[in-house]
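**Q** missing the sequence, but the structure's below:
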């Protein structure tokens with residue numbers, strides 16, 4: 001499935017465009033998700049695994065897990081506690097963009113997800129547009145799994161946008 005999500009973030013463009021490459025952002029994001037309790041997204045806070053500088057790009061790897069409920073038909077095919085993945089984010093601050101690639105830790109070959117964050121000025125704040133593709137390669141229930149995972153991704157990205165605003169601070 002193709003997805004497109006956008007948010008307006010009340011923070012300066014340059015700060016938002018680099019935040020996903022900053023280790024402190026992930027600590028603050030995890031804290032903000034913990035504070036939301038039952039209102040938190042179906043995807044757990046990311047665990048920062050690695051951050052490397054590659055020229056003018058920052059590459060960040062984070063582990064995430066799906067923590068929502070799945071239909072009974074889906075749980076016959078996958079174990080919910082094994083729905084974990086590593087997301088590689090390549091932050092290209094000069095381009096005001098971040099590439100993302102998601103690789104499952106279990107069920108290799110059953111899921112593909114990649115996308116692109118684009119950031120642009122919007123008044124005093126920042127417009128974030130995230131586009132990507134999510135495919136689950138499981139006969140019969142694949143589309144149900146895609147919808148469940150995307151629901152979690154959409155909630156997660158909204159929470160991430162709020163965390164980006166908190167991290168980057170109000171526009172000056």
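**A** Now that the structure is in, tell me what you want to look at. What you are looking at is a predicted structure, and each value in this text was computed from that prediction instead of being measured. Numbers count the residues shown, from 1 in each chain.

**Q** and residue 162, which of the three is it?
**A** Of the three states, residue 162 takes helix under DSSP: H, G, I helix; E, B strand; the rest coil.

**Q** what is the neighbour count of it?
**A** By the criterion of other CB atoms under 10 Å, residue 162 has 17 neighbours. From N, CA and C alone the C-beta is placed, and that goes for glycine too.

**Q** which outside residues touch the worst-scoring helix or strand of the chain on mean pLDDT?
**A** Here the helix or strand of the chain ranked lowest by mean pLDDT, DSSP states H and E is helix 72-75, holding a mean of 75. With contact meaning CB atoms under 8 Å, 6 or more residues apart in numbering, helix 72-75 is reached by 140-141, 144-145, 148.

**Q** please apply the same query to stretch 162-172.
**A** Contacts of stretch 162-172 (CB under 8 Å, 6+ apart): 9-12, 15-16, 19-20, 22, 24-25, 28-29, 32-33, 123-126, 128.

**Q** just the buried ones from the residues you listed?
**A** Using 16 or more other CB atoms under 10 Å as the burial test, the contacts of stretch 162-172 include 9-12, 15-16, 19-20, 22, 25, 29, 32-33, 125-126, 128 as buried.

**Q** restricted to helices, list these.
**A** Secondary-structure check on these using DSSP state H: residues within helices are 15-16, 19, 25, 29, 32-33.

**Q** just the buried residues of the least confident helix or strand of the chain, please?
**A** For helix 72-75, burial by neighbour count (16+ other CB under 10 Å) applies to residue 74.

**Q** ok, stretch 112-128 next?
**A** 113, 115, 117, 119, 122, 125-128.

**Q** do the same with stretch 163-172
**A** Neighbour counts using 16+ other CB under 10 Å place 163-168, 171 of stretch 163-172 among the buried residues.

**Q** go ahead and confirm residue 47 touches residue 62.
**A** Yes. Here residue 47 lies in contact with residue 62, judged by CB atoms under 8 Å, at a distance of 6.1 Å.

**Q** overlap in contacts of these two?
**A** Common neighbours of residue 47 and residue 62, using CB under 8 Å, 6+ apart, are residue 26.

**Q** contacts for stretch 77-88, please.
**A** Counting by CB under 8 Å, 6+ apart, 46, 49, 59-66, 70, 100-107, 110-111, 113, 138, 141, 145, 149 sit against stretch 77-88.
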